[in-house]
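Colleague: Fold the following, please.
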Amino acid sequence: MAGTPPGPRARDLRPVTDGVSYATVVPVPFHETADAHDTDAADPAVAGAVARLTAEFTDAIGPTVVRRVVRHSRSDLSGCPPAALPELVERLARQRLLQSGRAAER
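Modeller: Now for the predicted structure:
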């Protein structure tokens, strides 16, 4: 196509408006396209952290938010050694959940 810059395939893109009168297109992250429960079960670092953090934050934060924070934390740590992932994912997600709670208190 003339005038179309090279990049991701159309099925991997979604329009995003940025407050201006035009829209840009950005790649859709994997975690938003896959079934969350399937990816959680396939990744023990995510499954264990979701279970423990959901129990820990049960009164303050819902399980859907906990699952989303854990998946984002796992994605951010994708370059870490696999053996270290369970502990690192849980620590990062816990810190983010604690910070979000403190921000909500203000």
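Colleague: Now do the contacts for residue 50.
Modeller: 40, 63, 66-67, 70 (CB atoms under 8 Å, 6 or more residues apart in numbering). C-beta coordinates here come from the backbone N, C-alpha and C atoms, glycine included.
Colleague: For it, give me the pLDDT.
Modeller: Note for residue 50: predicted pLDDT of 94.
Colleague: For residue 47, which non-adjacent residue is closest in space?
Modeller: What sits nearest to residue 47 in space, not counting adjacent residues and going by CB to CB, 6 or more residues apart in numbering, is residue 40, at 5.1 Å.
Colleague: Quick one: mean pLDDT for the one helix or strand the one you found maps to?
Modeller: Assigning secondary structure by DSSP states H and E places residue 40 in helix 36-42. Helix 36-42 shows an average pLDDT of 62 in the prediction.
Colleague: and the residue nearest to residue 85 when sequence neighbours are not counted, what element?
Modeller: Closest residue in space to residue 85, ignoring its immediate chain neighbours: residue 45 at 4.1 Å, by CB to CB, 6+ apart. Per DSSP H and E, residue 45 falls inside helix 44-56.
Colleague: buried residues in that helix?
Modeller: 45-50, 53-54 (16 or more other CB atoms under 10 Å).
Colleague: after that helix, next one along is what?
Modeller: From helix 44-56 onward toward the C-terminus, using DSSP H and E, the following helix or strand is helix 63-76.
Colleague: Any buried residues in that next one, and which?
Modeller: By neighbour count on 16+ other CB under 10 Å, the buried set for helix 63-76 is 66-74.
Colleague: Now render these as a markdown table, adding distance to residue 86 and pLDDT.
Modeller: Below are the buried residues of helix 63-76 laid out as a markdown table (distance: CB to CB, whole Å; pLDDT from 0 to 100):
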| residue | distance to residue 86 | pLDDT |
| --- | --- | --- |
| 66 | 16 | 94 |
| 67 | 16 | 94 |
| 68 | 18 | 94 |
| 69 | 16 | 95 |
| 70 | 11 | 95 |
| 71 | 14 | 94 |
| 72 | 16 | 94 |
| 73 | 11 | 95 |
| 74 | 10 | 94 |
